[in-house]
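Student: Have a look at this prediction, sequence included:
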Amino acid sequence: MTACPFHARHDANAQVVGAADAADAADAVDTDAPIADALSIDAPLAPLLDPALRMRPPNEPLPPPLRAQGGPLAEVFSRWLRQRDDAAHAPEKAVLSRALLALSDDDVRAHARRQAAIAARGGWSHWHWAVPASTVASLLGLPMDDLAAQRRLHGQLRAMAAGLGAQATGEAVRAGGEAVATLLGALDDAEHRAPDAPLQWTLLRHAGPSRWTDRAAFTANRLALIWQSHEAGAALLGHALLGDSWMGGAPTREALLRLARDGGAVRVTRRFDVRQQPPAPVTVQLAGTDHPFGDGAHRCPGQGLALGTSLASLQWLAEQPGLRPPTAVAPLALPNMDIPQFKDEELFP
Ligand code: HEM
């Protein structure tokens, strides 16, 4: 199974660092203003502020399977903010963050509730996987009007995940590239057909193509919003469903953040230490720190959207009478997170 490339892929021999290393880089400067929220008052996560820890090894913008096969998946990967430390990262990240901050809570809530209701027809094995990415897609103006549209999107994102795996075959990279090409086309289409869809509108207003290196960088990072919400969003929502506390009402935002901090979302991330030759992979612990959404230049700009989506969809669930609680089965264990899985059972008996 594959891991999300936005996050860690840690090798057995990767060095692991965490909050204990904070003193080493206490005076490191974060060039990218973090989005304000309850957690940002906590001490910084020092390794993520260390300029010698980079997203990719120098001169190696693509992992081997993407380098070997090329195509649309490789092309978007090399443009994703998550994979870059170049000079354009900070200004491009700043405009993207502004666009996400400009989204209204009401729009997020309305789209998440609608996607939650549609996903409920797909049973418990589908619900937490579908809601996060379908909500972002819907906010971008993709026609997410029925279960088939959600299933199609899910299949495309799993194809991308397979193509991004450390050991991906040429065929997996090709199939992932096909999914990317289809989604890029759908997003271009939405830009013309539904420019007033909430997230499409804030992107065009605050982070339109002219604010990026080129249009390809803009479209790759627009797609990245859906991609990035997929596994991390399913992990967070899935962990919120474990146990039955949500049945009495949606958790608070603080409780969700606590869940993420306790390991119920992205647990680790990865960097390359360029002080060493060859650059050494370093795994940075996020679970158990105050930074489950990362820190420093690559801190998650989607935190508010991810929490808003989870809260609104859990609230929708809590309002449904006669729900059968989900039955957990073995989670999907990725190198950087566990995604809870549930039996393929109806929500309503
Ligand atoms: C709507 C949902 C989401 C969107 C649109 C989103 C978007 C992004 C983007 C674009 C980045 C890359 C930023 C950069 O490299 O400059 C990122 C990083 C990150 N995201 Fe999110 N994200 C979402 C959900 C989540 C969730 C649910 C989590 C789980 C806690 C999460 C955790 C992270 C972390 C830890 C990083 C930093 C990774 C690192 O520094 O290595 N994200 N996110």
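Tutor: Thanks, I have it. Keep in mind the model is a prediction, meaning the values are calculated, not measured.
Student: what's near enough to touch residue 190?
Tutor: 140-142, 197, 200 (CB atoms under 8 Å, 6 or more residues apart in numbering). Where C-beta positions appear, they are placed from N, C-alpha and C, glycine not excepted.
Student: Regarding the residue in the chain positioned nearest to the ligand, what are the backbone dihedral angles?
Tutor: Nearest residue of the chain to the ligand, counting by CB to the nearest ligand atom: residue 302, 2.3 Å away. Phi and psi for residue 302, reported as degrees, to the nearest 10, are phi -100, psi 10.
Student: and the stretch 151-300 of the chain, which residues reach the ligand?
Tutor: 224-225, 228-229, 232-233, 236, 260, 265-266, 269, 286, 292-294, 298, 300 (CB under 6 Å from any ligand atom).
Student: Format the contacts of residue 190 as CSV; extra columns: secondary structure and neighbour count.
Tutor: Shown next, in CSV, are these (DSSP: H, G, I helix; E, B strand; the rest coil; neighbours: other CB atoms under 10 Å):
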residue, secondary structure, neighbour count
140, coil, 24
141, coil, 22
142, coil, 22
197, coil, 21
200, helix, 22
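Student: what's the most distant pair in these?
Tutor: 142 and 200 (9.2 Å; CB to CB).
Student: picking that back up, I'd like the contacts of residue 190 as a markdown table, with pLDDT appended.
Tutor: Conversion of the contacts of residue 190 to a markdown table gives the following (pLDDT from 0 to 100):
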| residue | pLDDT |
| --- | --- |
| 140 | 99 |
| 141 | 98 |
| 142 | 98 |
| 197 | 98 |
| 200 | 98 |
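Student: Nearest to residue 240 among those residues?
Tutor: Nearest to residue 240 out of the contacts of residue 190 is residue 140 (CB to CB; 23.8 Å).
Student: residues contacting the closest one?
Tutor: Residue 140 touches 187, 190, 197, 199-200, 203, 222, 225-226, counting by CB under 8 Å, 6+ apart.
Student: For it, give its distance to residue 82.
Tutor: Relative to residue 82, residue 140 is positioned 18 Å away (CB to CB, to the nearest Å).
Student: Touching, residue 126 and residue 150? I think so.
Tutor: Yes: shown here, residue 126 and residue 150 form a contact pair, counting by CB atoms under 8 Å, at 7.4 Å.
Student: So between the two, which is more surrounded?
Tutor: residue 150 (25 against 20; other CB atoms under 10 Å).
Student: Can I take it that that one is in a helix?
Tutor: Yes: assessed by DSSP: H, G, I helix; E, B strand; the rest coil, residue 150 belongs to a helix.
Student: Ignoring the adjacent residues along the chain, who's closest to it?
Tutor: Distances taken as CB to CB, 6 or more residues apart in numbering place residue 130 nearest to residue 150, at 4.4 Å, with adjacent residues excluded.
Student: That neighbour sits in which helix or strand?
Tutor: helix 124-139 (DSSP states H and E).
Student: tell me the mean pLDDT for that helix?
Tutor: What helix 124-139 shows for mean pLDDT is 99.
Student: Residue 147: neighbour count?
Tutor: Look at residue 147: counted by other CB under 10 Å, it has 17 neighbours.
Student: typed the wrong thing, it's residue 347
Tutor: When neighbours are defined as other CB under 10 Å, residue 347 has 19 of them.
Student: secondary structure class for it?
Tutor: With three-state DSSP as the criterion, residue 347 reads coil.
Student: list the contacts for residue 103?
Tutor: Here residue 103 is in contact with 139, 198-199, 202, 304-305 (CB under 8 Å, 6+ apart).
Student: so who does residue 344 touch?
Tutor: Taking CB under 8 Å, 6+ apart, one finds 123-126 in contact with residue 344.
Student: so what does the strand or helix carrying residue 255 touch, helix or strand wise?
Tutor: Per DSSP H and E, residue 255 falls inside helix 253-261. For helix 253-261, the elements it packs on are helix 215-241, helix 303-318, judged by 3 or more CB pairs under 8 Å, 6 or more residues apart in numbering; DSSP states H and E.
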